[in-house]
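Asker: Turn this into a model:
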Amino acid sequence: MARGTDWLNLASNVQQNRQLAAMQEQQEQQMMMSMMQEMNRQNIIEMRKMVINLDQFADRAAVVSNSYPAYAMMMTEIAIEAIDSSGLNADTFEEITDMERASQMNAKIRGAEANMKSSASQDIISSAQQMRLFIEEGEDEMEALAPMCAANEDWAEHADEFAEVDPLHQERKGKYNMYTFGPLVLGIILVGAAIGMMGDCIETGADDICMTYENESLTTDALQGGGALLVLISIILGLALFSWGRKYLKQWSPLNDKKELVEEVKESYNHLSQKYGMTSSQDVNDRRQQMISWVVKMTPTDPTMKLEL
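Answerer: As a prediction, this is how the structure comes out:
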């Protein structure tokens, strides 16, 4: 009887656990759905704000174009690209009112752009394109090009000096390495050969240090002694000839840094200098400042005339 009761209790507990797990899973699903609904609601709110802002943007752009046509045309073009990339149109919404507002906004801003281009001269259209190109690419690229040009100008002044110093430095460096590392390498080879010839250890001391080798002889001792002597000679020569080997380093090192800098920026320098047709750092800086001044002149200073997304 007790076993039957235990079985019923166990079955009841299992059933309750299943019910609790199902309830918990359902609650989690409901919570997830609520979170997704809230996120969707917030997205809809933000998109409604964007539609209103862009609708007002189109109205302001039409007014600003009377005084700053190139600027207004450029900003309107950027706004339309932002609309297209975000997919902000009637299909974004579900409610009829939102769909109508989105359609009206798209029609208004695209109509404003069409009116600007139809009434603008070719010079204004070209100015709008040049402004955008300079703002998005030109300013940063010219800022990067100027120090590249300066580095190439600096290198051009020191290239002959480097061509004279580099062979002297490399020759002195090569001789120093030969005088110091040559004996070191040879000494290591001799010691290694001696160890290989001695064979296995046949007697060890108290500290497990080998005392006697299988083929230990005068020859192996001579090889080890000669190798050790060569290593010692290498160290002595390295210290004695240290200043001698670095005779031209102080002059060579900064020149080599200039050379490496030019080589590092070579690809970017060639691309940008060809793109802008300038290799003088002064010309690049002057041109950049001229373009900045021109863009400022073509842009309204009155905050109420600014076109911002």
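
Asker: Now the helix or strand where Gln42 lies: average pLDDT?
Answerer: Using DSSP states H and E, Gln42 maps to helix 2-64. Across helix 2-64, pLDDT averages out at 75.

Asker: who touches the closest residue to Ile44 other than its chain neighbours in this structure?
Answerer: Ranked by CB to CB, 6 or more residues apart in numbering and with sequence neighbours excluded, the top spatial neighbour of Ile44 is Phe93, at 7.1 Å. Glycine gets a C-beta too; all of them are placed from N, C-alpha and C. By CB atoms under 8 Å, 6 or more residues apart in numbering, the contact list for Phe93 reads 44, 47, 99, 102.

Asker: So the third one, which state does it fall into?
Answerer: Taking DSSP: H, G, I helix; E, B strand; the rest coil as the rule, one finds Met99 in the helix state.

Asker: Could you give the number of residues near it?
Answerer: Residues lying near Met99 (other CB atoms under 10 Å) number 15.

Asker: In this structure it contacts Met105, no?
Answerer: No. Between Met99 and Met105 there is no contact under CB atoms under 8 Å: 10.9 Å.

Asker: Of the contacts of Phe93 - the most surrounded one?
Answerer: Highest neighbour count within the contacts of Phe93, by other CB under 10 Å: Ala102, with 23 neighbours.

Asker: Once you drop chain neighbours, what's closest to it?
Answerer: In space, Ala102 is closest to Ala90, 4.8 Å off (CB to CB, 6+ apart).

Asker: That neighbour: neighbour count?
Answerer: Neighbour number of Ala90 under other CB under 10 Å is 15.

Asker: now do the one 10 residues further on
Answerer: A total of 12 residues lie near Glu100 under the criterion other CB under 10 Å.

Asker: ok, it - contacts?
Answerer: Taking CB under 8 Å, 6+ apart, one finds Ala90 in contact with Glu100.

Asker: Kindly provide the distance from it to Asp84.
Answerer: 19 Å (CB to CB, to the nearest Å).

Asker: Same check on Ala107?
Answerer: Distance from Ala107 to Asp84, by CB to CB: 14 Å.

Asker: And Lys173, by the same measure?
Answerer: For Lys173, the distance to Asp84 - CB to CB - is 61 Å.

Asker: repeat for Ala159
Answerer: 51 Å.
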